[in-house]
Every structure is written in C-alpha cells, then in structure tokens.
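Q: need a 3D model of the sequence below.
(one chain, ligands or ions: 1)
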Amino acid sequence: MSVVRLELEGRLAVVTIDNPPVNALSQAVRAGIVRAVDEAEDAGADAIVLCCAGRTFVAGADIREFGKPPKPPWLPEVIARIEACRRPVVAAIHGTTLGGGLELALGCHYRIAVPTARVGFPEVNLGLIPGSGGTQRLPRLVGAERALDMMISGKPVGAVEAARVGVIDRLAESGDLLDEAMGFAREQASGGERPRLIRDLSVDPVDPGFFSDYRKRIARRTRGLMSPERIVRCVEAALQVPIDEALRQEREHFFECMASPQSSALRHLFFAERQAVKPPPGVSPAAGGPEITHIAVIGAGTMGAGIAYSCLGVGFRVTVLDYDEAGLARGRKTIEGLYEGGVARGKVSPAKAEDGLGRLTTSQDYGAVANADLVIEAVFESMAVKEQVFARLDRVCRADTILATNTSTLDVDRIAQATGRPEKVIGTHFFSPAHIMRLVEIVRGDATGDAVIISALALAKRLRKVGVVVGNCFGFVGNRMLYGYGRESQLLLLEGAAPEQIDGALQEWGMAMGPHAVGDLAGLDVGYSVRRERTDLPDDPRFYRMADVLVEAGRLGRKTGKGMYRYESGSRAPIPDPEVESWIAREADALGVERRAIDAQEIVERCIYGLIVEGARILEEGIASRSGDIDVVWVNGYGFPRHRGGPMHYADTIGVDKIYARVCEFRDRFGPMYWEVPNLLEDLGRSGGKFADFKPGA
Ligand code: T1G
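A: Residues are numbered from 1 along each chain as shown. Down below sits the predicted model:
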C-alpha cells in the first residue's frame, strides 16, 4: 500500500501520509508527497490538505535512514515544492508533529490542529538541529527567543499555546480534523491571492546583546554539547543574511552535527532505550501476567515511600506496610510531602493529589496485603530480613500474586527460595529517588516466569520508567559495574590524585557528578554496609580503604556535614578537606602505595575502562542480553553522559581494539586482579568488532 495517497474531494485535493507507526519521513514518503502535489496541481485543485493516517502527523525524519547514503528528494526539496504551489496547502495536524514533521508543516501555507496535538523540534535530543528550514521559519513566526527556547529545550508545545504564538493558524475543535481542514482550505482558496509563505516574513529584530546573553543563559545545561550552539548560529543567520544563504548554512551545520560522535551516541540511545524495554530474547511477549491494580509496598522508608508515590501517581491502589508504627507514619508523611511539593511546584493538581492519597492505605498488618496483585519489598538491605519478609508474604498472599524485591545487590534466587513460588519472584531495582529516577533494573531469577517478566516490564512502562531486564548476580548490571568505576576512583586517591581532581576530571569528561561527590551524597555508610555483607571482596587492603576509614571516623558524607569533602551548613558544595588529604597520605604510606602525579586522562581511562571491562564480563555471562541495555542502565541510573552513548557505545566509538590495548597495559602495570582481560574484550579487540554486534549465546 502506498505510503502517500491522493484523493480529490470536489475541487480539493487531500494528500494522506500513511507510514506507521509515526509517519516518519522516509524516502518513499518524501517522494510520495512531491508526486501527490504535482498530481494535485495537474488536476487543477483549488487547495491541498496534507494530513496523516494513524496516531500522529509526521513525527520527524526517519531516524533509521541517518548514517546511510541519503536518497533524494531531500526534505528541503519537498518543502520547496510545497511552497511553489500556486494554491494553498494546509497541514492538518494531530498527535506529535516533531522535527521534520513540523518543518514540513511550516512549509505549508497554513496549519490547523486539534487542541490535543503537540508540536516541537526535539532534534537537539539526537545531537542534531532542525535541518530543513526549522531554524529559519520558526523565528519568522514566533521571534528569535521563543524559537531558540523551543529548539534548544527540544520540548514540544501544545497546539493551544502554538496557536497563541502563531505556529498554528487555527484549532480544529469539532472532533473532525479533516472536515475542518477542508473547510479552512476552501476559505483560503476563495481569497484568490497568492498564499503567504513563511519564508517571505522577516524575523523581529533583537537587542544587540541578545545572542551573547542567550549563550550565557544556556551554557550550563548545554555543557559539552555541539548542536545547541549550531542552532544559535542558525537563528543569528536568520537575522543577518537572506534566507537562502541562511538555509545553506543551516544545512551545513546539520550535516556536521549528523556526522558527530555525539549525534551517533544520542541516536544509538534513542533506539537502545526502545529496544531495552522489550522482552529479552527467549521471553514470550504474549506471556502476560495478572492485571495489576493493587500494589503493596513493604517498608515505608525512603525507597518504599518513593515507590509508593510513583505507583499512586499512575493510578494504582497502594498499600504500604511497615512493622514499625513510627516508620509507617514517617512513610505516609513522606508521600504526603511529595504530593504537597508537586502541588506547590504546579506539577500535580490538588485534585490529583487528593485522588492519589485517596488510593493509599497504610498498615502494620500483613493481612492488609493478602489481596495485592503485586508486592514490592523495600525493606532493609539484609538477606536475613528479606528472607523472613518473603516467607511471610508467601504464606499470606494470593497464589498468583507477584512478589518483587527492590534489593540493589542481593541474590534474587536466594530470596525466591524463601517462598514456595520462585516463578512469581522477581527483582525490581528502583534507583533513588525512586519517584524521579527513570531506571528500573528488572532482575530475573533462575525460576522467574515469563509472565512475571512481562508484568514487570509493563509496570515500568506504566510508571513511565525505563525497565531493563537483567540477570541475577551481585550488583546486577549497574552496581556491579559501579564497583569497577568506584574501585579505581578509590585507588587513585591512594596513588596521589586528590578527590577534587578525580571528580573534576570525570565531570569535565561528562559525568553528571564525580564519584566522590556521589559517595558523599548517597552516604558512604551505604556502600560500607554492603561491603560488609559481601563474601567475595578482593583480598586487597587497598580496596575502598579510604571509604572505610571515613565511615569508621563517622564521616558519612553530606548527612554528617563531612565525608570525602566537608560541607558548610546549608550548602551542598563539596569543599576539599586537608584533614582527609592527610589521612589519604597516611593510609597510602601504611599500605606502601607510592604516590605520584596523575593526569586527567589516566583518571578518566581507569574509571571508565573499569566500567567497560565489567560490562564486557556482564555481556559474555549473559547478565545483560544486549550491549545497548548496559548503556541504557548507565545513562538512566548513574549520570553517564548521554552524548557519549553509554559505556559500551563509548567503547565502540573509541574502538574496542584501542580499549583492549589500554586495558592490557593496565593489567601489566596494575596486575590482573582488577585488569584481567575478559575474553569478549580480547576477541573484539583482536577482530576489530563492536560490542553492539555481540549477541550473548549466539
Ligand atoms: N524515525 C524512525 N522511527 C521512529 C521515529 C523516527 N523519527 N520516531 C519513532 N520511531 C519508532 C520507534 O523507534 C518505535 O519503533 C516506534 O516508532 C514507536 O516509537 C529532518 C533531522 C513520536 C513521541 O526525534 O519522540 O526530523 O520500537 O516507542 O512512546 O530536520 O517516538 O516500535 O520498532 O517512541 O508513542 C525528529 C522521535 C527526528 C521524534 C512517539 N523527531 N520520536 O512516542 O512511541 S530528526 C524525533 C519520538 C528530524 C529534521 C530532523 C517518539 C514519539 P519500535 P515510541 P511513543
């Protein structure tokens, strides 16, 4: 079936794009539009309505075509063909009209939209810029500042707002968009004069210092990114040179961004995040578990309350259970506080807050959770405690109730063995703060049934989170890799790099926060107690030595006013502490570690390659089923820079052969205890392969 069809309705031509799932502008669509417009003109139509079948008007260029040899007609040519029409062309907009879809609509003479539609330029999220006139036509409609805000944020705006500022000419409120679009087209056709072209408008002048001020305003949030600056330059050109020259410059900037490693990384993540939330190979999507409406959360602490709030926010009935009355009261207070904060910030309506709290019950009695469809355990990170809780849940809950644990590192199989229903037990590892962090590691035990995995993926999607299915091992994917990264950041202290130097090097490289600042934020005692639970710690007195010394000295981090850094009251700014410096020197001396000057490159390589080495082991063991899943975990759970695509994509970008050679150097210099080369890294390093091409078990 053709992806673009033309129907003549009296003296009107209706051109319908039908390219599921989002009417992306593939080569066939672009060619089909040109052909349909030619035919409509040849037929002498008074006007053309351009609309889309399915759930949305065009949601953008076909990202799958990027990086492949481009095929004409290019989108600018399609837009130029529409603008050359002697009769009006009206875009009928619904759904999410994004990127090239909005550029196509701006090439039409007029735009009509249903009020629920959204329009925007998300290209910056892909390391790109609007490359088909968006940087030129949008400022002509809404002015430089509003256009820059839309393109730099990448956030869509609703049709009502878009109509208010002039992007949309009319709202279709009858419920029949096509009918209203045809009526609007007839109106424009009856005028007889040549339809207006946005390209013929001029951009309202700006103050002399506008662009330099605007660059300062966005500097922090666009740190390290390439395409925002290119967008600003394009809008500057819109005010300075004729449009055809500005369009030429825009195209040049677009292709430079397209060729950048940043765009490759961001496009990789776009697809990896959609792939990661699909059932892993071997799990039948049709399995489907019980309908989940009532969720019980065991443990009213910070994580339990955050999980409960997330579930309430999307309509579940939630029962929070805690054995301790005061703890339960604190948990309810936390949830109420989250709603109050949401209402105060205008993120949650008072009605929604009231509705959510109306679906919350709290109890100290396990009987209250007997009829839950799903139970999420979020009690203290102790295997003994968790085993007791699961044994009791197994006795109390319905036979088909799914029992999930929020453990961050412990053995899901052992927890499952505390029940008589191991096939119903799964890990749902939320990240703190649970109501904000998008990532959920869905940990499948040996016995976990497909239906339970599918139910957990569906829960994550409903919570608007990224649920990634991972295997059961110590630390699963994220925290297991974190040890490689954290271990090196600790050893580097003893070897001579100051905490602020380590954090600074990694933040400069792109990490949201340095490892020592993160440790102080999370609380050094958290890692300390997990390490005490471990029975497989390396036989190395240097392993997390400074973290242990600080905890044993009562320096737990921000919450005690000092940890690796010190903090002035009321401030979150980490301040280097000479006392810690002296302790590090003392410990290094006691451990016989020779101290030396260490440069930023070694800091970054040892910490980031420490991630990659563990990621390679995770892949070859099948703990992650795709290298992209590891990338999705690290950009969504640990602040890995999105514009570097995740640890495994970054390794593919650098070249696995180069990573392999450097890791061999580290092994030879620091020993095989931490730098033993995984087989997969060696195989790919020698063959020139990529992690992205590795299929576990293949
Ligand atoms: N190209 C190709 N495939 C796309 C696509 C696109 N633009 N958008 C979505 N898909 C696929 C997606 O991979 C998934 O496939 C399915 O559609 C459903 O997507 C020229 C250069 C539109 C808000 O950045 O933001 O135009 O996994 O799961 O949650 O200057 O998709 O089912 O096989 O996300 O309902 C600009 C990207 C491109 C929009 C719908 N446009 N898409 O969300 O569904 S660059 C974008 C989205 C550009 C111009 C520039 C979302 C959505 P599968 P989904 P959703």
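Q: count the residues that sit near residue 696.
A: Each residue near residue 696 was counted by other CB atoms under 10 Å, and the total is 18. The way it works is simple: take the backbone N, C-alpha and C, and place the C-beta from them, glycine included.
Q: surely it meets residue 617?
A: No - if you go by CB atoms under 8 Å, residue 696 and residue 617 don't touch, sitting 11.6 Å apart.
Q: which positions in the stretch 201-350 of the chain make contact with the ligand?
A: Proximity of the stretch 201-350 of the chain to the ligand (CB under 6 Å from any ligand atom) is limited to residues 271, 274.
Q: residues near the residue of the stretch 201-350 of the chain found nearest the ligand, how many?
A: Distance from the ligand to each residue of the stretch 201-350 of the chain (CB to the nearest ligand atom) is smallest for residue 274, at 4.0 Å. Other residues lying near residue 274 total 12 when counted by other CB under 10 Å.
Q: and the helix or strand containing it, how far out from the chain middle?
A: Assigned by DSSP states H and E, residue 274 falls within helix 261-276. Taking CA atoms, centre = their mean, to the nearest Å, the mean C-alpha location of helix 261-276 is offset from the chain mean by 10 Å.
Q: how far off centre is the next helix-or-strand element following that helix?
A: The first helix or strand that comes after helix 261-276 along the chain, using DSSP H and E, is strand 294-298. Here the centre of strand 294-298 is set off from its chain's centre by 26 Å, with CA atoms, centre = their mean.
Q: touching, residue 21 and residue 55? I think so.
A: Yes - between residue 21 and residue 55 a contact is recorded at 7.5 Å, counting by CB under 8 Å.
Q: what sits against the spatially closest residue to residue 3 that is not a sequence neighbour?
A: Leaving aside its chain neighbours, residue 3 sits nearest to residue 19 (4.3 Å; criterion: CB to CB, 6 or more residues apart in numbering). Residues in contact with residue 19 (CB atoms under 8 Å, 6 or more residues apart in numbering) are 3, 4, 26, 28, 29.
Q: those strands in the stretch 51-200 of the chain, which residues are they?
A: Remark: strands assigned in the stretch 51-200 of the chain by DSSP state E, counting those that start in this stretch are 89-93, 96-98, 110-113, 118-120, 157-158, 170-171.
Q: okay, those in JSON lines with mean pLDDT, distance to residue 258 and mean neighbour count next?
A: Compiled in JSON lines, these are given as follows (pLDDT from 0 to 100; distance: least, CB to CB, whole Å; neighbours: other CB atoms under 10 Å):
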{"stretch": "strand 89-93", "mean pLDDT": "98", "distance to residue 258": "25", "mean neighbour count": "29"}
{"stretch": "strand 96-98", "mean pLDDT": "97", "distance to residue 258": "17", "mean neighbour count": "26"}
{"stretch": "strand 110-113", "mean pLDDT": "97", "distance to residue 258": "27", "mean neighbour count": "28"}
{"stretch": "strand 118-120", "mean pLDDT": "98", "distance to residue 258": "19", "mean neighbour count": "23"}
{"stretch": "strand 157-158", "mean pLDDT": "97", "distance to residue 258": "25", "mean neighbour count": "18"}
{"stretch": "strand 170-171", "mean pLDDT": "97", "distance to residue 258": "34", "mean neighbour count": "17"}
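Q: JSON lines for those strands, including distance to residue 332?
A: Shown next, in JSON lines, are those (distance: least, CB to CB, whole Å):
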{"stretch": "strand 89-93", "distance to residue 332": "44"}
{"stretch": "strand 96-98", "distance to residue 332": "37"}
{"stretch": "strand 110-113", "distance to residue 332": "43"}
{"stretch": "strand 118-120", "distance to residue 332": "36"}
{"stretch": "strand 157-158", "distance to residue 332": "35"}
{"stretch": "strand 170-171", "distance to residue 332": "43"}
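Q: residue 273 against residue 632, yeah?
A: Yes - Residue 273 is within contact range of residue 632, at 5.3 Å (criterion: CB under 8 Å).
Q: any shared contact partners between these two?
A: Here residue 273 and residue 632 have residue 466 as joint contacts, going by CB under 8 Å, 6+ apart.
Q: lowest average confidence, helix or strand, in this structure?
A: Here the helix or strand of the chain ranked lowest by mean pLDDT, DSSP states H and E is helix 524-533, holding a mean of 87.
Q: off-centre distance for it?
A: On CA atoms, centre = their mean, the centre of helix 524-533 falls 28 Å from that of its chain.
Q: if we can go back for a sec, closest one to the ligand among the strands of the stretch 51-200 of the chain?
A: Among these, if distance is taken as CB to the nearest ligand atom, the winner is strand 96-98, at 4.3 Å.
Q: contact partners of that closest one?
A: Residues outside strand 96-98 that contact it (CB under 8 Å, 6+ apart) are 22, 56-60, 105, 113, 117-122, 156.
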